[in-house]
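In: Sequence and predicted model, in that order:
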Amino acid sequence: MAVVDRVFQVSDLAGSKRRAFVDQAKGGNARLRDIDGTPLVMLREAGLTQLEGLSEALVGYLSLETALDRERKDRQPTDFGSLAWAATLDEKDLRELRDDLRGALAVAASQRDTTPVDTLLRDWRYTALDLADPRSGPILRGVHTDHDFVEAPRPVLHAPAG
């Protein structure tokens, strides 16, 4: 958060300091002390949205960590919280997701932008859906049998018309 120059009082909002309060909030945040002593902070809506997004992603990360601490046979999709879709991933992928998410959270927090986390979770969710699909999952995992290979007929070339 930006360095706060001052703490405003409620009476400042009725007078000439109102503009300074709003300008300080636009620059990062502005602190206000209510008449009963309650401290309040005003910030840009985008800043609040980012904080909420980071908080939600962090709770997802902690849920993932907690789920990984349990034996696979004892895990439920609900153990993963908002990342319940990750329950279909194998152990290697779960650990890779955890490591990727840890890195994305660090970048997002330092940049005050949840885009790295949002992008990562979207991509991993699509990956989990594809891996769970009975047709695409084995292909993506490289699982195949000899029956998957057949000899293709020789192509027949046709002379151009005309």
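Out: That came through fine.
In: who's in contact with the nearest residue to Val59 once chain neighbours are set aside?
Out: Counting by C-beta to C-beta, 6 or more residues apart in numbering, the nearest residue to Val59 once its immediate chain neighbours are dropped is Gly81, at 6.3 Å. C-betas here are computed from N, CA, C, even on glycine. Counting by C-beta atoms under 8 Å, 6 or more residues apart in numbering, Gly81 touches Val59, Gly60, Ser63, Leu64.
In: just the strands in this protein please.
Out: With strands called from DSSP state E, the chain shows them at 7-9, 30-33, 39-42.
In: hey, which of those strands is tucked in deepest?
Out: Burial of these is given as mean neighbour count (mean count of other C-beta atoms under 10 Å); strand 30-33 ranks first at a mean of 18.
In: quick one, domains of this protein?
Out: Following automatic domain parsing, the chain resolves into domains at 7-43, 46-141.
In: mind putting those in CSV, mean pLDDT included?
Out: Shown next, in CSV, are the domains of the chain (pLDDT from 0 to 100):
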stretch, mean pLDDT
domain 7-43, 90
domain 46-141, 92
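In: Next, format those as a markdown table and append distance to Val156.
Out: Below are the domains of the chain laid out as a markdown table (distance: least, C-beta to C-beta, whole Å):
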| stretch | distance to Val156 |
| --- | --- |
| domain 7-43 | 69 |
| domain 46-141 | 28 |
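In: So which of the ones you listed is the most surrounded?
Out: Most buried among the domains of the chain, counting by mean count of other C-beta under 10 Å: domain 46-141, with a mean of 15.
In: max-length helix in this structure?
Out: Longest helix of the chain, by residue count under DSSP state H: helix 45-69.
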